[in-house]
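Participant: Need the 3D shape of this:
(chains A and B)
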Amino acid sequence: MSWTWFHKWGSPKWFYALAGRLQPWLALAAALLLAVGVVWGLAFAPPDYQQGNSFRIIYIHVPAAMLAQSCYVLMALAGVVSLVWKMKVADIAIHCAAPVGASMTALALLTGAIWGKPTWGAWWVWDARLTSMLILLFLYAGVIALGNAIGNRDSAGKACAVLSIVGVVNIPIIKYSVQWWSTLHQGATFSLTEKPAMPAEMWLPLLFTVLGFYCLFGAVLLARMRLALLQREARSGWAQAAVRQALGGGLAP
Amino acid sequence: MSVLAELLKREVRLLCRRPGELLNPLVFFAIVVALFPLALGAQPQLLQAVAPGLVWVAALLAVLLSLEGLFRSDFEDGSLEQMVLSPQPLALLMLAKVLVHWLFSGLALVLLAPLLGVMLGLPLVCLPVLLASLLLGTPVLSLLGAIGAALTVGLKRGGLLLALLVLPLYIPVLILGSGALQAALQGLPSGGYLLWLASLAALALALAPLAIAAGLRISVAE
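Facilitator: Sure, this is the predicted structure:
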């Protein structure tokens, strides 16, 4: 089997071009999917028989929470690639994905709190899911802080790779221990897991917004990575050519 | 094997020559525990109810504090580079180093804990569980903290960053450790918690040295 397709990913120039081709399509798909999903979910889906209209926040909350978790797994995978194959692109992916993942976690916590106030009567309860999302936010904060603290970009990337792998090994342990803790400390808690089976008019918009969030994440990540690639490769010919082209080609070399 | 023995001897000698570094975390542990009765009030029932969590949080912070300097002096005088360059597996050397550090600081912490537990009003029957949970939990804390210490050793202000990196990873140990003590306090069996702590310790013993070695390679290469 030929591995050239894989080794291409190690080339910042090739990745920059690929990301440039993919990004508009992802952005377009995100805009369409989100527009359909949000309008359908917020305006046309039937209200819940118990929660009324306040349930509609799941069209933002659930995609954000799913993305928050997948983003950390993506960072750990990129960490493995970075440590095993020493690819710069993977380092950059971790560096660029961490703030996006952290903001998604914060969004999930925030929308959860807004939903929790009318439904549970409290902005925050120490429920297992909420607590493990909060810990996930702390894990993201650790990766971001470590990346900012180390001056040398290459070692910062590798250190973040190690940290995200350690984090991903710990996430299941944290999740189960927190679940155990919450069943121990407060008996029956409010649970989202035993949802009533949703009718299709309710979950189809959710599917749209989930896919839309993933496309949006892809587009934002690629845009951030292209910028970071240009900054890191500022001395190489292709990066200078790309910047000149983006500026309209009017500048003298 | 002889390298390992030499490394152990060296670590023991170094630690014995700087007794302050061993004593400070213990004093810190005692002070943190003493702060809580002053802040919460001295009602015995209240103190007994919060004692499991309190002893564990204080122990966790003390271990974290003691780890900040784990690799620093070796990093500054260059012996860490020699260890990285040596033909022996770095993960094994670092496991030995962390274990020696735990034998001196972690074990002292474990031995001090029953005294503080009694001062907080823990009944005597709970003390074996306290000892066992700390005995199983503090090595995990040391090993996980050493990963953070390895990643931050070259940085100027690594202390706060170390706490930020490592404290989220400490949460399972905290939950299981204080859970064991809480169960013992309520007269419930605590064996399940202790077994979980033991399996976490086995996992950390097996995996953490690899992460410590990877972290040190990155920090030394910088």
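Participant: quick one, strands of chain B?
Facilitator: Using DSSP state E, no strands are found in chain B.
Participant: Relative to the centre of it, find the outermost residue for me.
Facilitator: Distance from the centre of chain B peaks at B:Q43, with 29.9 Å (Cα atoms, centre = their mean).
Participant: Select the longest helix from chain B.
Facilitator: helix B:191-221 (DSSP state H).
Participant: So which bits of that one are buried?
Facilitator: Buried positions in helix B:191-221, judged by neighbour count with 16 or more other Cβ atoms under 10 Å in any protein chain shown: B:193-194, B:196-198, B:200-201, B:204, B:208-216, B:218-220. (Each C-beta comes from the backbone N, C-alpha and C, glycine too.)
Participant: How about stretch B:172-182 and chain A, any contact?
Facilitator: Yes: Stretch B:172-182 reaches chain A (Cβ under 8 Å from any Cβ of the partner chain) through B:172, B:175-176, B:179.
Participant: out of those, who has the most neighbours?
Facilitator: Among these, the one with the most neighbours (other Cβ atoms under 10 Å in any protein chain shown) is B:L176, at 29 neighbours.
Participant: pretty sure that one is touching B:L197, no?
Facilitator: Yes: using Cβ atoms under 8 Å, B:L176 is in contact with B:L197, at 5.0 Å.
Participant: which neighbours do the two share?
Facilitator: Here B:L176 and B:L197 have B:133, B:137 as joint contacts, going by Cβ atoms under 8 Å, 6 or more residues apart in numbering or on different chains.
Participant: so can I have CSV of the residues of stretch B:172-182 next to chain A showing distance to A:F217?
Facilitator: Below are the residues of stretch B:172-182 next to chain A laid out as CSV (distance: Cβ to Cβ, whole Å):
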residue, distance to A:F217
B:P172, 28
B:I175, 31
B:L176, 34
B:G179, 36
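Participant: Out of those residues, name the ones that lie in helices.
Facilitator: Those of the residues of stretch B:172-182 next to chain A lying in helices (DSSP H): B:172, B:175-176, B:179.
Participant: can you pull out the helices in chain A?
Facilitator: Ranges of helices within chain A are A:4-7, A:12-39, A:58-85, A:88-120, A:128-149, A:153-186, A:200-232, A:237-246, based on DSSP H.
Participant: Out of the ones you listed, which gets nearest to B:V12?
Facilitator: helix A:153-186 (28.3 Å; Cβ to Cβ).
Participant: looking just at contacts, which helices and strands does the closest one meet?
Facilitator: Helices and strands touching helix A:153-186, by 3 or more Cβ pairs under 8 Å, 6 or more residues apart in numbering or on different chains; DSSP states H and E, are helix A:58-85, helix A:88-120, helix A:128-149, helix B:127-152, helix B:158-185, helix B:191-221.
Participant: buried stuff in the third one?
Facilitator: Just to be clear, that refers to helix A:128-149. Here helix A:128-149 shows A:128-133, A:135-147, A:149 as buried, counting by 16+ other Cβ under 10 Å.
Participant: Mind pulling up the pLDDT for residue 176?
Facilitator: By default, I'm working from chain A. The model reports A:Y176 with a pLDDT of 85.
Participant: other chain: chain B
Facilitator: pLDDT, read off for B:L176, is 92.
Participant: tell me the contacts of it?
Facilitator: A:177, B:133, B:137, B:193, B:196-197, B:200.
Participant: what does A:P205 give?
Facilitator: By Cβ under 8 Å, 6+ apart, A:P205 lies in contact with A:36-38, A:40-41, A:44-45, A:59.
Participant: Quickly name whichever of the residues you listed is closest to chain B.
Facilitator: Nearest to chain B among these is A:Y59, at 29.3 Å by Cβ to the nearest Cβ.
Participant: correct me, but that closest one touches A:G41?
Facilitator: Yes: shown here, A:Y59 and A:G41 form a contact pair, counting by Cβ under 8 Å, at 3.7 Å.
Participant: shared neighbours, those two?
Facilitator: The contact sets of A:Y59 and A:G41 overlap at A:205-206, A:209 (Cβ under 8 Å, 6+ apart).
Participant: What separation do you get for the residue farthest from the centre of chain B and B:L188?
Facilitator: Distance, B:Q43 to B:L188, using Cβ to Cβ, to the nearest Å: 23 Å.
Participant: picking up where we left off before, farthest-apart pair in the contacts of B:L176, please.
Facilitator: By the measure Cβ to Cβ, A:S177 and B:S133 form the most distant pair in the contacts of B:L176, at 13.8 Å.
Participant: ok, those two, which is more surrounded?
Facilitator: The neighbour comparison of A:S177 against B:S133 (other Cβ under 10 Å) goes to B:S133, with 28 against 22.
Participant: how far away is the more buried one from chain A?
Facilitator: For B:S133, the distance to chain A equals 14 Å [Cβ to the nearest Cβ, to the nearest Å].
Participant: Same check on B:A183?
Facilitator: According to Cβ to the nearest Cβ, B:A183 stands 9 Å off from chain A.
Participant: Which residue comes closest to that residue once chain neighbours are left out?
Facilitator: B:S190 (4.2 Å; Cβ to Cβ, 6 or more residues apart in numbering or on different chains).
Participant: Where does pLDDT dip in the stretch 151-253 of chain A?
Facilitator: Within the stretch 151-253 of chain A, the segments meeting pLDDT under 70 span A:183-198, A:249-253.
Participant: which residue sits closest to the one residue in it that gets nearest to chain B, ignoring its sequence neighbours?
Facilitator: Going by Cβ to the nearest Cβ, chain B is nearest to A:S177 of the stretch 151-253 of chain A, at 3.9 Å. What sits nearest to A:S177 in space, not counting adjacent residues and going by Cβ to Cβ, 6+ apart, is B:P172, at 3.9 Å.
Participant: residues touching that neighbour, list them.
Facilitator: Contact analysis of B:P172 by Cβ under 8 Å, 6+ apart lists A:170, A:173-174, A:177, B:200.
Participant: ditto for A:G37
Facilitator: Per Cβ under 8 Å, 6+ apart, neighbours of A:G37: A:59, A:205-212.
Participant: Out of those, which two sit at the greatest distance?
Facilitator: Pairwise over the contacts of A:G37, using Cβ to Cβ, the maximum falls at A:Y59 and A:L211, 12.1 Å.
Participant: More neighbours: which of the two?
Facilitator: Between A:Y59 and A:L211, A:Y59 has the larger neighbour count (other Cβ under 10 Å), namely 24 against 18.
Participant: just to revisit the earlier point, for the contacts of B:P172, could you give me JSON lines that also reports distance to B:A150?
Facilitator: Output for these, formatted as JSON lines (distance: Cβ to Cβ, whole Å):
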{"residue": "A:N170", "distance to B:A150": "16"}
{"residue": "A:I173", "distance to B:A150": "20"}
{"residue": "A:I174", "distance to B:A150": "21"}
{"residue": "A:S177", "distance to B:A150": "24"}
{"residue": "B:L200", "distance to B:A150": "20"}
